[in-house]
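[1] need the 3D shape of this:
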Amino acid sequence: MPAVGAPYAALLSSLKVGDLTLKNRIIMSAMTRARSINNVPNDMNRAYYEQRAGAGLIITEGVPIDKRGSAWTDVPGIYTEEMAEGWKRVTDGVHAKGGLIFAQLWHMGRQAHSSFFDGKLPVGPSPLKIESPKGVPNADGEFVPYEVPHALTVDEIQEIVQQYKQAALLAKAAGFDGIEMHAANGYLVDQFLQSCSNQRTDEYGGSIENRYRFLDQLMDVALEAFPKERVGVRISPNTNFGGSGSPDFRETFTYVAEQVGKREVAYLQVLDGLAFGFHELGEPMTLDEFRPLVSEKTKIFGNVGYTPESGEEAITSGVADAITYGRYFLSNPDFPERLANNWPLNEPPEHAAWFTPDLPNREKYSTSWGYTEYLPYPEEAKQAASA
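    Reported below is the predicted structural model:
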C-alpha cells in the first residue's frame, strides 16, 4: 500500500448526488465476499457494512435478483422477503452509523453454471459460451468449462425484467437509499450490450440501440421503485472479464452513457482502470470521454486501480466527481478517516479471504477471517498521534 502523506481535500469533500449529500467522495465499491449462509444477509454482514459506514456511499456486493441469476455460494440475494428482512438489518445498522448504502442489482447470465440450478443451463442473449482456460467454479468448488447458455426468449427476457422490478421494490422495502444497476464485467446486462456476446436478430440484438433495449427496460422498472436521483449505473468499457470485449466497444459505451445521461440518474460508475483485464481492441476509454455525455445532474464515479493520489487527481482535474475503492476497504474499514488523519493503511488480506470457491477455505467464511477482523485505527494510537 502507498504511504499516505499528502492531503486529500477533494476526496474528503462532500458531494451532492440528487437529494443526498455524501460526506466524502470516497465510495466503497461492490465486492463479492460470499459470507451469507443460504444467501440470506446475517449479523456478520451487518457488522461488516456498519464498520465501513464512513464511506461517502457504500455500494453493496452484487445482489442477485433471482436464484438463477447467481452461481456463487453464499452470496446474499434480494428475491425473497427473508432476504429483504436480512438486508433491512444491514441498512438499519449503516444508517445508525450515519452512512448511506445502495444495493447493486446483479444477474450473472452465462457466467453461471448449471450445477447450481438442478441442471438447468445458465442464460444469455445468445447461445455463445465463454472461452476461458480457467473455466467456472461449479457447486462443488471445482473449475469446469463454461457451458453454452440457453438463449433467452423474448418472454423470458420480460420475466427477468419483472424480477428486476421485484428486486428493486424489495430493496426499497429493505431500507436501501438507492440501487445500482450492474451493467458491467460481462454479466447478463453487459452480455446484451456487447456485440461479442449478443448475436440476436430480434429487437434485443443487432444495432447498438437494440442491444441497449434490455438495460433501458431495466431502468424503466428501477425508476418505478426509486426516483432517478437514487439510481446509479455501472459499466466497464475496457475489460475482457467474463468474455467481454467487443470491436465496437467505444461506439457502444458512448451510446450507453448518452442514454443513461438523458435519464439524469444519480451517477454513472465507469470501470476505466484495467485491473480486471483489457480487451486490447482499441485505446482504453477514459473518464474524460464520459464527462460530456451526461448532464451535471449525473455524477461520474471512477473505478478500478485508483490510489488515494490518483483519485485525488481525478477529482481535482474534473474528470470524476467521486472515486470507488475496493481493496482499501477490505482491511481498512475506516479508510476515509485514515486518509483524513494521515494514519497508516493496513495491507489487504490474503486473496483467498476476499472470495474463493475453494471449499476448504470456505469453511473459514463463517468466521471473521479477512472480513470483520479488521478494526478501526486503535484509540490509543489516535491519542498518541495527536499528543
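[2] give me the neighbour count for the residue nearest to Pro349 when sequence neighbours are not counted.
    Among residues not flanking Pro349 along the chain, Gly370 sits closest, at 3.7 Å (Cβ to Cβ, 6 or more residues apart in numbering). C-beta here means a position set from N, CA and C on the backbone, and glycine is covered the same way. Applying other Cβ atoms under 10 Å, we find 22 residues neighbouring Gly370.
[3] cool, Tyr325 as well?
    Neighbour count for Tyr325, taken as other Cβ under 10 Å: 26.
[4] now do the same contact list for Leu169.
    With contacts defined as Cβ atoms under 8 Å, 6 or more residues apart in numbering, the neighbours of Leu169 are Glu224, Ala225.
[5] the chain should start at 4 in everything you say after this.
    Sure, I'll start numbering at 4, so the last one becomes Leu172.
[6] so which helix or strand takes in it?
    helix 157-176 (DSSP states H and E).
[7] from the chain's centroid, how far away is that helix?
    Relative to its chain's centre, helix 157-176 lies at 18 Å (Cα atoms, centre = their mean, to the nearest Å).
[8] put the alpha carbons of that helix into PDB.
    In PDB, the C-alpha atoms belonging to helix 157-176 read as follows (Å, rounded to 0.1, in the frame of the first residue of the first chain):
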ATOM      1  CA  VAL A 157     -38.500 -12.500 -25.600                       C
ATOM      2  CA  ASP A 158     -41.000 -13.800 -23.000                       C
ATOM      3  CA  GLU A 159     -38.100 -14.900 -20.700                       C
ATOM      4  CA  ILE A 160     -36.400 -11.600 -21.100                       C
ATOM      5  CA  GLN A 161     -39.600  -9.900 -19.900                       C
ATOM      6  CA  GLU A 162     -39.700 -12.300 -16.900                       C
ATOM      7  CA  ILE A 163     -36.300 -11.200 -15.900                       C
ATOM      8  CA  VAL A 164     -37.300  -7.500 -16.300                       C
ATOM      9  CA  GLN A 165     -40.100  -8.200 -13.800                       C
ATOM     10  CA  GLN A 166     -37.600 -10.000 -11.500                       C
ATOM     11  CA  TYR A 167     -35.500  -6.800 -11.500                       C
ATOM     12  CA  LYS A 168     -38.600  -4.800 -10.700                       C
ATOM     13  CA  GLN A 169     -39.400  -7.000  -7.800                       C
ATOM     14  CA  ALA A 170     -35.800  -6.800  -6.500                       C
ATOM     15  CA  ALA A 171     -35.900  -3.000  -6.700                       C
ATOM     16  CA  LEU A 172     -39.100  -3.000  -4.700                       C
ATOM     17  CA  LEU A 173     -37.600  -5.300  -2.100                       C
ATOM     18  CA  ALA A 174     -34.500  -3.100  -2.000                       C
ATOM     19  CA  LYS A 175     -36.800  -0.200  -1.300                       C
ATOM     20  CA  ALA A 176     -38.600  -2.100   1.500                       C
END
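[9] going on from the helix or strand of the chain with the lowest mean pLDDT, what's the next piece of helix or strand?
    One helix or strand of the chain scores below all others by mean pLDDT, DSSP states H and E: helix 362-365, with a mean of 67. Following helix 362-365 in sequence order, the next helix or strand is helix 382-389 (DSSP H and E).
[10] average pLDDT for the strand ranked longest in the chain?
    Looking across the chain with DSSP state E, the single longest strand is strand 60-67. If you average the pLDDT over strand 60-67, you get 98.
[11] also stretch 116-128?
    The average pLDDT within stretch 116-128 is 97.
[12] end to end on it, go ahead and measure it.
    Using Cα to Cα, to the nearest Å, one end of stretch 116-128 lies 16 Å from the other.
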